[in-house]
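output the structure for:
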Amino acid sequence: MMASALAQSAARGAFFTLSAQGARILLQLLSVVVLARLLTPHDYGLLAMVLVAVGLGEIFRDFGLTSASIQAPEFSDGQRDNLFWINALIGAALAVLMFAASWPMAAVTGQEEVLGITQWLALTFILSGLATQYRANLMREMKLRSLAIVDVASSAIALAAAIVAASLGAGYWALVVQQLVTGTVILVGVVVAGRWLPGWYSRRYSVRAMVSFGWNIVAANLIGYAAKQIDTVLISFRFGTSSLGLYNRSFQLVMTPLGQVRSPLQAVALPVLSRVQQDQPRFETYVTSAQLALGYLIGIPLAILAGLAEPIVSIMLGDAWSDAAPIMRMFAIAGLLTTVSFVGYWVYLARGLGRELFRYTIVTALIKIVCITVGSFFGLVGVAVAFAVHPAIAWPISLAWLSRVTPMPQRRLYLGAGRIIVVALAAGLAAWAGGELISGAGVWAQTGLGFVLGLIAASAALLAPAYRRDAGALWAFIRLMLVRSPRNTSF
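Coordinates of the predicted model:
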């Protein structure tokens, strides 16, 4: 009965999380459409400069304590209160540092407007620092419906505030208002949903192990952040801004939406895996099921996208961007491979393997740097190919690395990944063939026929018993989403 309730809570949590993320993506598109007509590219450029520093600070602001509190097998109210004050103090310290850095940032960028933007956005660290453990507690208690409502409401209210400010002629300040309103609404929302107030910090409740775990997460994230920039740096230096624009736009079309769909599922997966980590058979079942769900539901659309790269680029970006098609195809392949391996990251967090994750991140960062460097000798497409090759090399290493420190269902994961890749390959090839078959009929017709043929090819896999079993498991999970959870997840 407990297993059934947990599975149902996880399914409902996934439903609310995906629904909220879909709503946020729609709001982001609306933001682009509306604000782009009220503001200038210069306004967005100013904000982007400052958000680079904000993104780096966010790694330190959380300090890995969200994951630390969620994965902890035992977690007292006193420990929660202590982590609240640690996150709040880190947020305040980052706000002071950000404020102090505003003058050198304005001098380095040569944009005096950066000074005011940086000083005001420093407040976001205080807001997010206060909200961190409230969000973590909602995730730990599987109150994902409440969290979904807060996230969607914050995006909608902030967008409305930005539109009003931009309409009144606020210029780039409208984007600053959007950031600050988002942080404020999130803080108010999670406090109301959390229904608890922190007590004073007490040394009676030790959080040393959690802080140690968090420090390893911070170190791993910093290395990962640096590794993520290697392709951008090499392209900008070796091939110039035009090539970088092609590469970056292709990345934004594939990898950014993928992250918006995939990463929020961690809010569902991490508390579930943490709860069952002492029950190895159930833990392995959840891990393999998560891989199948991610692989099929995300991997098949990515494979079809890879097959239809040319017409989709023409539709989304225009004919002038046709050189982006092979790059986007490589990103789609990379997205499929990273999605198949994404559950490994969840295992590191759920098991509290912060130090092992840090060491593995160093290894995979070095692999990526080598791949990208070698790929750069073959031009822009070579860099994109290297980007896709990297996860193909890193994933088996990750699985072997994990298996050395914690029990892992290696055979089931390899077989599951193999089935996913085979059906994705069939769908991608069918989509490509459909597009080529009517290449003279226009990009919309190519995309439509290719999409249909890709889905037919993927569905044909159901003729095999193994795929029918996988489909049965996925359908059971979807049915759990559609029934009311036995837990009280009301706002």
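
so the residue nearest to L175 when sequence neighbours are not counted, which of the three states?
Of all residues beyond its chain neighbours, the one nearest L175 is L47 (4.6 Å), with distances taken as CB to CB, 6 or more residues apart in numbering. Where C-beta positions appear, they are placed from N, C-alpha and C, glycine not excepted. Of the three states, L47 takes helix according to DSSP: H, G, I helix; E, B strand; the rest coil.

check contacts around L47.
Going by CB atoms under 8 Å, 6 or more residues apart in numbering, L47 touches 117, 172, 175-176, 179.

now the two most distant members of those residues.
Comparing every pair within those by CB to CB identifies Y172 and Q179 as the most remote, at 11.2 Å.

any weak-confidence spans in the stretch 51-200 of the chain?
Scanning the stretch 51-200 of the chain for pLDDT under 70 picks out the ranges 52, 65, 67-74, 142.

closest to L357 out of the contacts of L47?
Taking CB to CB as the measure, Q179 is the one of the contacts of L47 closest to L357, at 29.6 Å.

helix or strand right after the one helix or strand that closest one maps to?
Assignment of secondary structure by DSSP states H and E places Q179 within helix 173-194. The C-terminal neighbour of helix 173-194 among helices and strands, as given by DSSP H and E, is helix 208-228.

output the contacting helices and strands for that following helix.
For helix 208-228, the packing partners by 3 or more CB pairs under 8 Å, 6 or more residues apart in numbering; DSSP states H and E come out as helix 41-62, helix 65-71, helix 77-109, helix 354-376.

pipe the ones you listed into JSON lines and attach distance to A431 per row.
Written out in JSON lines, the entries for the helices and strands packed on helix 208-228 read as follows (distance: least, CB to CB, whole Å):
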{"stretch": "helix 41-62", "distance to A431": "34"}
{"stretch": "helix 65-71", "distance to A431": "37"}
{"stretch": "helix 77-109", "distance to A431": "44"}
{"stretch": "helix 354-376", "distance to A431": "25"}
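
which of the ones you listed is buried the deepest?
helix 65-71 (a mean of 25; mean count of other CB atoms under 10 Å).

tell me which residue lies farthest from the centre of the protein.
Here the centre of the chain is the reference, and by CA atoms, centre = their mean the most remote residue is G440, at 37.4 Å.

need the pLDDT of it.
Reading off the confidence values, G440 has pLDDT 82.

any chance you could map the strands in the stretch 301-450 of the chain?
In the stretch 301-450 of the chain, no strands are found when defined by DSSP state E, counting those that start in this stretch.

helices along that one, start to end?
With DSSP state H, counting those that start in this stretch as the criterion, the stretch 301-450 of the chain has helices at 309-316, 325-350, 354-376, 379-405, 410-437, 443-460.

save those as TSV, and put in mean pLDDT and distance to V152 too.
Putting these into TSV (pLDDT from 0 to 100; distance: least, CB to CB, whole Å) gives the following:
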stretch	mean pLDDT	distance to V152
helix 309-316	85	25
helix 325-350	87	24
helix 354-376	86	31
helix 379-405	89	31
helix 410-437	92	30
helix 443-460	93	28
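
between the ones you listed, which gets nearest to S102?
Nearest of the helices of the stretch 301-450 of the chain to S102, taken as CB to CB: helix 354-376 at 30.4 Å.

residues in contact with L130?
Contact analysis of L130 by CB under 8 Å, 6+ apart lists 84, 87-88, 91, 187.

tell me the buried residues in stretch 184-194?
Counting neighbours by 16 or more other CB atoms under 10 Å, one finds that the buried residues in stretch 184-194 are 184-187, 189-190, 193-194.

go ahead and confirm L337 touches W395.
Yes. If you go by CB atoms under 8 Å, L337 and W395 touch, sitting 6.7 Å apart.

quick one on the thing from earlier: mind putting the helices of the stretch 301-450 of the chain in a markdown table, distance to R80 included?
Output for the helices of the stretch 301-450 of the chain, formatted as a markdown table (distance: least, CB to CB, whole Å):
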| stretch | distance to R80 |
| --- | --- |
| helix 309-316 | 45 |
| helix 325-350 | 18 |
| helix 354-376 | 19 |
| helix 379-405 | 27 |
| helix 410-437 | 33 |
| helix 443-460 | 44 |
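
which of the ones you listed is buried the deepest?
For these, average neighbour numbers computed from mean count of other CB under 10 Å are highest in helix 325-350, which has a mean of 24.

which one of the helices of the stretch 301-450 of the chain lies nearest to R203?
The stretch from those with the least distance to R203 (CB to CB) is helix 354-376; that distance is 22.6 Å.
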